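In: below is the structure, and that's it, no one-letter string:
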């Protein structure tokens, strides 16, 4: 049985950022593929219409006066095998533009961060781009939408699990979002496999497909310390 040293009533956030600019591409992928990946982590994928649910999210933020950009890939998880409730996320890979923050994330939080060149534009036409050294690994860009967005205040709070059973941290993601449907015909989405970053081959192999763009100009992103697993 999995257990942790924390309870949600006692969470303290090590970083609590406001006025964050954000571009998120929500999407789906092959359910059986991510069932296999998550089985090794003792987790179950959250699913919609028999598809695993993923998000690719880039932010532009400031922490203690220090500006940085970040990009994360996350897979929705469910505590039960039925996959019907979004109970948290699994974080297989992430990038940060700051060498110092990458070091901090890996050493103090045990999170799978790498240094990368991240670009995002959260105004129309929105885009996000991730580059490692001279290699562009991911580039997504909206076309000009033909319909107005759905505008809604969204807030999510819950656990984010780390690879290799290294534990979890808690996060808050909140703010008013402009949401547009992803168009496979007119929007751009390109992924390149990388020997250094297996996650992009996993996105290709699991047939990731975009579904919804979410744009925020003034969001909140908070995260706790990492809580380790304990054996029972």
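Out: Noted; the coordinates are in hand. Here the structure is a predicted model, which means the values were calculated and not measured.
In: how about low-confidence regions in the protein?
Out: Confidence mapping of the chain against pLDDT under 70 gives the ranges 1-9, 229-232.
In: ok, 50 please
Out: Across the chain, the ranges flagged by pLDDT under 50 are 1-7, 230-232.
In: please enumerate the helices of it.
Out: When assigned using DSSP state H, the helices of the chain occupy the ranges 31-39, 99-104, 199-205.
In: could I get those helices as TSV with distance to residue 168?
Out: To be clear about C-beta, it is placed using only N, CA and C from the backbone, and glycine gets the same treatment. Putting the helices of the chain into TSV (distance: least, CB to CB, whole Å) gives the following:
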stretch	distance to residue 168
helix 31-39	13
helix 99-104	18
helix 199-205	19
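In: show me what the lengthiest strand in the chain is packed against.
Out: Counting residues, the longest strand in the chain under DSSP state E turns out to be strand 13-30. For strand 13-30, the packing partners by 3 or more CB pairs under 8 Å, 6 or more residues apart in numbering; DSSP states H and E come out as strand 51-63, strand 117-121, strand 127-132, strand 168-181, strand 209-224.
In: nearest to residue 110, out of these?
Out: Distances from residue 110 to each of the helices and strands packed on strand 13-30 were compared using CB to CB; the shortest belongs to strand 168-181, at 8.9 Å.
In: who are the packing partners of the closest one?
Out: If you count contacts as 3+ CB pairs under 8 Å, 6+ apart, strand 168-181 packs onto strand 13-30, strand 150-161, strand 209-224.
In: hmm, back to that, would you turn the helices of the chain into TSV with mean neighbour count?
Out: Below are the helices of the chain laid out as TSV (neighbours: other CB atoms under 10 Å):
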stretch	mean neighbour count
helix 31-39	17
helix 99-104	14
helix 199-205	17
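In: nearest to residue 146, of these?
Out: Go through the helices of the chain one by one with CB to CB and the one that ends up closest to residue 146 is helix 199-205, at 27.3 Å.
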